[in-house]
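J.: Coordinates for the following, if possible.
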Amino acid sequence: MPERVWALKPWWCQPWSILATGLALDLGSWWLLRRLWLSGLVFGAVALWWWLFLVLMPAQWREMV
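T.: As a prediction, the model looks like this:
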């Protein structure tokens with residue numbers, strides 16, 4: 001098994017694509033809605049998504065390998 005989990009993932013599930021998609025969602029919500037509280041909710045969901053896939057999953061992979 002590879003040391004890094006990213007070696008197994010397709011291009012659309014790489015750290016750069018996860019970050020780019022999250023930023024696009026954050027900026028898009030602000031551009032479309034212009035409501036700080038709604039954009040804050042979107043950012044909170046994206047931050048949780050980033051934490052799960054960019055922090056927890058690689059840590060679990062390293063522990064498993």
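
J.: Is residue 15 in contact with residue 6, as I believe?
T.: Yes. Between residue 15 and residue 6 there is a contact under CB atoms under 8 Å: 6.7 Å. All C-beta spots, glycine's among them, are computed from the backbone N, C-alpha and C.

J.: shared neighbours, the two?
T.: Common neighbours of residue 15 and residue 6 are not found (criterion: CB atoms under 8 Å, 6 or more residues apart in numbering).

J.: Residue nearest the middle of this protein, spatially speaking?
T.: Geometric centre of the chain, nearest residue: residue 50, 3.1 Å, by CA atoms, centre = their mean.

J.: any idea how far residue 64 is from that residue?
T.: Here residue 50 is placed at a distance of 21 Å from residue 64 (CB to CB, to the nearest Å).

J.: before we move on, back to that, which helix or strand contains the residue nearest to the centre of the chain?
T.: Element membership of residue 50 [criterion: DSSP states H and E] is helix 36-50.

J.: Which neighbouring elements make contact with that helix?
T.: Under the contact criterion of 3 or more CB pairs under 8 Å, 6 or more residues apart in numbering; DSSP states H and E, helix 36-50 touches helix 15-33.

J.: what about residue 57, helix or strand, and which?
T.: Using DSSP H and E, residue 57 falls in helix 57-64.

J.: chain center to that helix: distance?
T.: Centre-to-centre, helix 57-64 and its host chain are 16 Å apart (CA atoms, centre = their mean, to the nearest Å).

J.: same check, this time on stretch 50-60
T.: Put simply, stretch 50-60 sits 9 Å off its chain's centre (CA atoms, centre = their mean).

J.: Show me which residues of that stretch are buried.
T.: Buried residues in stretch 50-60, counting neighbours by 16 or more other CB atoms under 10 Å, are found at 50, 53.

J.: Ok, stretch 30-47 next?
T.: For stretch 30-47, burial by neighbour count (16+ other CB under 10 Å) applies to 30, 39, 42, 43, 46.
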